[in-house]
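Asker: need the 3D shape of this:
(2 chains)
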Amino acid sequence: MAPGSSDATYPDDLRYHEEHDWARIEGDQATLGITWFAQDSLGEVVFFDPPEVGATIQKDSSYAEVESVKAVSDVIAPLSGEIVEVNDALQDNPEKVNEDPYGDGWLVKIRLTSPEEAETLLGGAEYRKMLDR
Amino acid sequence: MPVTYEGIREEHSAVRRHVGMFDVSHMGEVEVEGAGALAFLQRVLSNDVAKIAIGGAQYSCLCREDGGVLDDLFAYRLGGDRYLVVTNAANHESDLAWLGRQSRAFDVIVRDVADRYAMLAVQGPHARQVLNGALGIELPPRFHVAHARVGRRPALVCGTGYTGEDGVELLIDPEVAAPIWSELLDAGVVPCGLGARDTLRLEVCFPLHGNELTPERNPIEAGLGWCCKEATNFIGSETIARARAEGTAEKLAAFEIEGQGIPREGNPVLHGGEPAGLVTSGTFAPSLERGAGMAYVKSELAEVGTEIEIDVRGKRRPARIASKPLYAKRS
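Answerer: A predicted model of the protein is given here:
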């Protein structure tokens, strides 16, 4: 499906990284996941290999892997921080990443170590514009 | 052929439970005709070609002098002195060159007829029933080929496939391929892509040339000794006879991941922490709902039940050598 497909959504309350990740920033914490476009390109997710709680992740670097039947894909951190929670429900139901990428399909929660990085991320409209290019 | 139409898992399960179709028109076809056809094919193919009756089909390896596998293919006997060989797309040109060169000593014509056929593989437990209803053709038994008319054009209906399910491969006139595809769609056949083709064949441990089979490997280490009849004196038979008698350093084995992780082609195999082989194909196996694959491992480790580890991008995933096929229909 094309990025402009009617199923595609990019909520305005999220911040986006150009490697197709989103962040929901709440105070000094953020929830991270992959975008509708990312899950659609990947196909049915069958495995999420999360980082460990306590691990530190670096903006623009890979912090986890998601796999479809056919391929594995690195998940890039949109922000730097320390992992405070991983979505354990994905171990048994990895397809949540496809079904609800911004809700039940979230991947990890982090405590932000450089909150100012958020200024470099894109808004929903900007991200969509990037996809359409 | 796309990787997938609506999702690999859905397509995979359509073929296991109902019926799916693959546009495999990229496969190559070579016709071999003449008084020397049998003698020629007996020389180049590993199996005993004399055993193919008219209307029969047989799997073989095409080997170099050193036993290395140039391709694996089905040979169909269309008439007394007329055979059709279906090649893998990536090897079609090199197979043709090899066959052309080897044919000089025989009274035979080797013809590239890849442009003459589109190929649709219709596979699954309901394949016969649906095809009979939709196209009104009588289907040949497994490993047989029949002449038929499909879309009012001459066609070949082959009782073969690459999924481990019942079904056929239709060799049809390219001009009628699109309407036949639509007709089968209307009959409820699920279009399937390359992704499902790979998971289906891997679950039943059918080798893929370029992965399990290469010119650097002989059929014995690949577990294809059953389709090598050295008594026919085919090219490569001497090396293969030796490999069979003496054994090989490595063998192709199937394995399943015990817990989490999905093996991929090129992942190292470890045993007791030491390098013990290499994964040739790996995937998430939809019918098994876990990671599985095939790997060349040291022969002494190729026993069912041997505990190994697969190094999946730096993470060691416990795995176990499993019996082939990895997936078998529960009867």
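Asker: just the helices in chain A please.
Answerer: Counting by DSSP state H, chain A has helices at residues A:36-42, A:89-92, A:96-99, A:124-132.
Asker: swap that for the stretch 51-200 of chain B, sorry
Answerer: In the stretch 51-200 of chain B, the segments counted as helices under DSSP state H, counting those that start in this stretch are B:92-102, B:127-135, B:174-186, B:194-203.
Asker: okay, the ones you listed, which one's buried deepest?
Answerer: Ranked by mean neighbour count, those are led by helix B:194-203 with a mean of 24 (mean count of other Cβ atoms under 10 Å in any protein chain shown). To be clear about C-beta, it is placed using only N, CA and C from the backbone, and glycine gets the same treatment.
Asker: beyond it, next helix or strand please.
Answerer: Later in the chain than helix B:194-203, the nearest helix or strand by DSSP states H and E is helix B:237-246.
Asker: counting by contacts, list what the helix or strand that that next one is followed by packs against.
Answerer: Proceeding N to C from helix B:237-246, the next assigned helix or strand is strand B:250-257, under DSSP H and E. With contacts taken as 3 or more Cβ pairs under 8 Å, 6 or more residues apart in numbering or on different chains; DSSP states H and E, strand B:250-257 sits against strand B:274-285, strand B:290-298, strand B:307-312, strand B:315-322.
Asker: next, format the helices of the stretch 51-200 of chain B as CSV and append mean pLDDT.
Answerer: What follows is the helices of the stretch 51-200 of chain B, written out as CSV (pLDDT from 0 to 100):
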stretch, mean pLDDT
helix B:92-102, 98
helix B:127-135, 94
helix B:174-186, 97
helix B:194-203, 97
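Asker: mind checking which of these is nearest A:Gln58?
Answerer: Evaluated with Cβ to Cβ, the helices of the stretch 51-200 of chain B place helix B:194-203 nearest to A:Gln58, the distance being 32.5 Å.
Asker: just checking, what packs against the closest one?
Answerer: Counting by 3+ Cβ pairs under 8 Å, 6+ apart, helix B:194-203 packs on helix B:8-17, strand B:20-23, strand B:274-285, strand B:290-298.
Asker: ok, 7 Å please
Answerer: Helix B:194-203 is packed against helix B:8-17, strand B:274-285, with contacts defined by 3 or more Cβ pairs under 7 Å, 6 or more residues apart in numbering or on different chains; DSSP states H and E.
Asker: can you tell if the longest one touches chain A?
Answerer: The one in question is strand B:274-285. Yes. Counting by Cβ under 7 Å from any Cβ of the partner chain, contacts between strand B:274-285 and chain A involve B:Thr283, B:Phe284.
Asker: re earlier: which of the helices and strands packed on helix B:194-203 is buried the deepest?
Answerer: Highest mean neighbour count among these (mean count of other Cβ under 10 Å): helix B:8-17, with a mean of 22.
Asker: got a list of contacts for that one?
Answerer: A:43-44, A:69-70, B:4-5, B:20, B:123-125, B:163, B:165, B:190, B:192-193, B:195-196, B:199-200, B:286-287 (Cβ atoms under 7 Å, 6 or more residues apart in numbering or on different chains).
Asker: for the helices and strands packed on helix B:194-203, give me TSV that also has distance to A:Glu119 and mean pLDDT.
Answerer: Below are the helices and strands packed on helix B:194-203 laid out as TSV (distance: least, Cβ to Cβ, whole Å; pLDDT from 0 to 100):
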stretch	distance to A:Glu119	mean pLDDT
helix B:8-17	39	97
strand B:274-285	39	97
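Asker: quick one: low-confidence residue ranges for the chain.
Answerer: Going with chain A. Applying pLDDT under 70 to chain A flags the ranges A:1-6.
Asker: hmm, no, I was thinking of chain B.
Answerer: B:330-331.
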